[in-house]
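one predicted model, sequence on top.
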Amino acid sequence: MTMISTFTAIALPAFVIVTASTYSPAINVEQPLNPAGPEVATGKADNTNKARLMVTLAGVEEKAGPMYVAVQKRENYQKWNAGAGGVYKGLKAGDHTYEYILPAGEYAISVWHDSDNDGKFTMQGYTPLDGWGNSGMQALQGPPTFDDVKITVSAQGAAETVKLHYPAK
């Protein structure tokens, strides 16, 4: 089953109003990030270059903790609260699809599922114990760089499937 959520942002001089349209009651948007990117947050949005990015999270497992999704440009890569995305609670097992409206360009999608709800990306040695996923190449041999996981969103939009990885049971 695929769940779909749509996010839009409206730029105002001093702040941003973010609204979420959720097509599945199973998704609780706990903390949406700025889905239109930093240009909207600063009031410098260029509405002529917006594109639709559909992100499908494949193989989500039902866990106690929230799912963190970040869609970021190179300059914001791996910096939380920068770019588009959100923190989602109450996800059911299956595939979940989210839609982001943002400027065309290169982005990296990073996903972390806080499986044990401890607020930390839990590792045992070099092995992640929480769920995780990235856009782009999937044969990573260490922490990803932006170039490892970047995708291009054209003016016509793009779709990307991010496969979630969980530790073996």
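Yep, that arrived.

in this protein, which spans are helices?
38-41, 146-149 (DSSP state H).

worst average pLDDT in those helices?
Confidence, taken as mean pLDDT, is least for helix 38-41 of those (a mean of 36).

OK, contacts around E61?
By CB atoms under 8 Å, 6 or more residues apart in numbering, the residues touching E61 are A93, H113, S115, G131, L164, Y166. Using the backbone N, CA and C atoms, a C-beta is placed for each residue, glycine as well.

now the phi/psi pair for the third one, please.
If I follow you right, that is S115. phi -50, psi -40 (degrees, to the nearest 10).

ok, it - contacts?
E61, K63, A64, G65, T122, L129, D130, G131, Y166.

any idea how far it is from T152?
31 Å (CB to CB, to the nearest Å).

buried subset of the contacts of E61?
H113, S115, G131, L164, Y166 (16 or more other CB atoms under 10 Å).

which of those residues fall in strands?
H113, G131 (DSSP state E).

in CSV: the buried ones among the contacts of E61, plus pLDDT.
Formatted as CSV, the buried ones among the contacts of E61 follow (pLDDT from 0 to 100):
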residue, pLDDT
H113, 95
S115, 91
G131, 94
L164, 94
Y166, 94
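
which members of the buried ones among the contacts of E61 are the farthest-apart pair?
For the buried ones among the contacts of E61, the maximum inter-member distance is 10.3 Å, found between S115 and L164 (CB to CB).
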